[in-house]
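K.L.:
Sharing a sequence plus its predicted fold:
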There are 2 protein chains.
Amino acid sequence: MTGRPPAGSGSGTAARRRGRPPRTESADTRDRILTAARDEFSERGYEKTSVRGIAKSAGVDPALVHHYFGTKEQVFEAAITLSFGPALQAPKAIEEGPLDGVGERLARFFFGVWENPATRAPLLAIVRSALTNETAAAVFRRIIATQVLRRIAVRLELPDAELRAELAAAQLVGTAILRYVLKIEPLASADPEQVIARLAPVVQGHLTDP
Amino acid sequence: MTGRPPAGSGSGTAARRRGRPPRTESADTRDRILTAARDEFSERGYEKTSVRGIAKSAGVDPALVHHYFGTKEQVFEAAITLSFGPALQAPKAIEEGPLDGVGERLARFFFGVWENPATRAPLLAIVRSALTNETAAAVFRRIIATQVLRRIAVRLELPDAELRAELAAAQLVGTAILRYVLKIEPLASADPEQVIARLAPVVQGHLTDP
């Protein structure tokens, strides 16, 4: 919507282009905008959030939001990457250690992120946005494809690795939705260890069964 | 919000109370309101839908909406029951036939509903409402608990039957979200038969494995 998008947006590290303000001040401003963006998207959802609202909340001019991040869609992508920071480490649970225990490592990692209220709230908000807005879904899809699925596929070394990873993710995501969003009992109050014990073999099966 | 709720709302069959207008005309009006409600909730989501808007779309006085269904929450419950009509038949897939093939019957039933565009659209809309609004989630939760989980639990005759049913549902619901809502590839374009073949043993395992 607003002209040239900056290159490399959403990587989370491609900050400080052009370097107009002094370096550290610039990084501070960028971080402040990003935090404000995450909070605005979390509270209002994708549709009701505006670049102007983010700028106001960060105490900067809207032009500066565009300067650092580009369009609203690109601010959202950067905010997702920030909110999903912990969740995007999922491939590590697969990469580190033998394939044998990957189901349990992944299930344990997943519930570790969701059981922590500090990481759950922004995650939940972003997931809600992605479930109700097509642009948000597209951004979410792109991040999952490039930052999660591709890495898992590389590790599995199977031709249908991405489909496998998605069906495993479906089990985990579906469980999170029933447990944390819809809060359906008895799953909502079940001991996380009990849930992990049931899901680990399923995730393992999806990823490595012949 | 609007005084005495009618008893038995949401059952989908408990129509025509008091019988003020002639019987058939009354049933027609009720159906017209219910269809309008489903369409309004589908298009606008729970929060943005109003009883007044439903009445306008059905061409009746708002008082008549309250007369037949009660509060907005109760209209929503009736609309969910209508939209979920096909999906609420899931327990039948468990009840009819041996427990051996229940995983495949359930997976096949589930994708039958979701692959059909006529049933998918209202289903998707209701799920979106439930995922983004707490009142809508509560209504959804109540329907799932009373109309789906209890019946499945009765059939399984296991002490942890409801948790089993929920973890099986989580696999199916998660797959629907990745495939139909987020449209993550390759799952979004995968042959339904291939997906059913992979999910059937997982659903079966959740429900009947020792």
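P.N.:
Nice, I can see it.

K.L.:
Which elements pack onto the top helix by length along chain A?
P.N.:
Longest helix of chain A, by residue count under DSSP state H: helix A:23-48. For helix A:23-48, the elements it packs on are helix A:51-58, helix A:62-69, helix A:72-83, helix A:117-132, judged by 3 or more C-beta pairs under 8 Å, 6 or more residues apart in numbering or on different chains; DSSP states H and E. Bear in mind the C-beta positions are built from the backbone N, C-alpha and C, glycine included.

K.L.:
thought residue A:131 was touching residue B:128?
P.N.:
Yes. Between residue A:131 and residue B:128 there is a contact under C-beta atoms under 8 Å: 6.2 Å.

K.L.:
shared neighbours of the two, anything?
P.N.:
Residues touching both residue A:131 and residue B:128 (C-beta atoms under 8 Å, 6 or more residues apart in numbering or on different chains): residue B:181.

K.L.:
Any idea how far whatever helix or strand residue A:195 lives in is from the middle of the chain?
P.N.:
Following DSSP states H and E, one finds residue A:195 within helix A:192-208. Here the centre of helix A:192-208 is set off from its chain's centre by 21 Å, with C-alpha atoms, centre = their mean, to the nearest Å.

K.L.:
So what angle separates the directions of it and helix B:192-208?
P.N.:
150 degrees (axes from the mean of the first three to the mean of the last three C-alpha atoms, to 10 degrees).

K.L.:
buried set for helix A:192-208?
P.N.:
Across helix A:192-208, burial judged by 16 or more other C-beta atoms under 10 Å in any protein chain shown covers A:195-196, A:198-207.

K.L.:
Check chain A for the residue nearest chain B and tell me.
P.N.:
The nearest approach of chain A to chain B comes at residue A:174, 2.5 Å away (C-beta to the nearest C-beta).

K.L.:
Number of residues surrounding that residue?
P.N.:
Here the count is done by other C-beta atoms under 10 Å in any protein chain shown, and residue A:174 has 23 residues near it.

K.L.:
got the contact list for it?
P.N.:
Counting by C-beta under 8 Å, 6+ apart, residue A:174 has contacts B:169-175, B:177.

K.L.:
Tell me the confidence at it?
P.N.:
Residue A:174 carries a pLDDT score of 93 in this model.

K.L.:
go on, residue A:108?
P.N.:
92.

K.L.:
what sits against the most centrally placed residue in chain A?
P.N.:
What sits nearest the mean C-alpha location of chain A, by C-alpha atoms, centre = their mean, is residue A:84, with 2.9 Å. Residues in contact with residue A:84 (C-beta under 8 Å, 6+ apart) are A:123, A:126, A:143.

K.L.:
per-residue confidence for the last one?
P.N.:
What it means is residue A:143. At residue A:143, the model reports a pLDDT of 80.

K.L.:
who touches it in this structure?
P.N.:
A:10, A:77, A:80-81, A:84, A:88.

K.L.:
Dump the residues you listed to TSV, plus pLDDT.
P.N.:
Listed next are the contacts of residue A:143 as TSV, based on pLDDT from 0 to 100:
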residue	pLDDT
A:10	42
A:77	87
A:80	81
A:81	80
A:84	71
A:88	72
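
K.L.:
Nearest to residue A:165, out of the residues you listed: which one, please.
P.N.:
Nearest to residue A:165 among these is residue A:88, at 13.9 Å by C-beta to C-beta.

K.L.:
OK, contacts around the nearest residue in space to residue A:158 that is not next to it in sequence?
P.N.:
Using C-beta to C-beta, 6 or more residues apart in numbering or on different chains and skipping residues adjacent in sequence, the residue nearest residue A:158 is residue A:164, 6.7 Å away. Applying C-beta under 8 Å, 6+ apart, we find residue A:164 in contact with A:156, A:158, A:206-207.

K.L.:
And for residue A:176?
P.N.:
A:110, A:114.

K.L.:
quick check: domain ranges of chain A?
P.N.:
Following automatic domain parsing, one gets these domains for chain A: A:23-71, A:87-208.

K.L.:
Thank you, goodbye.
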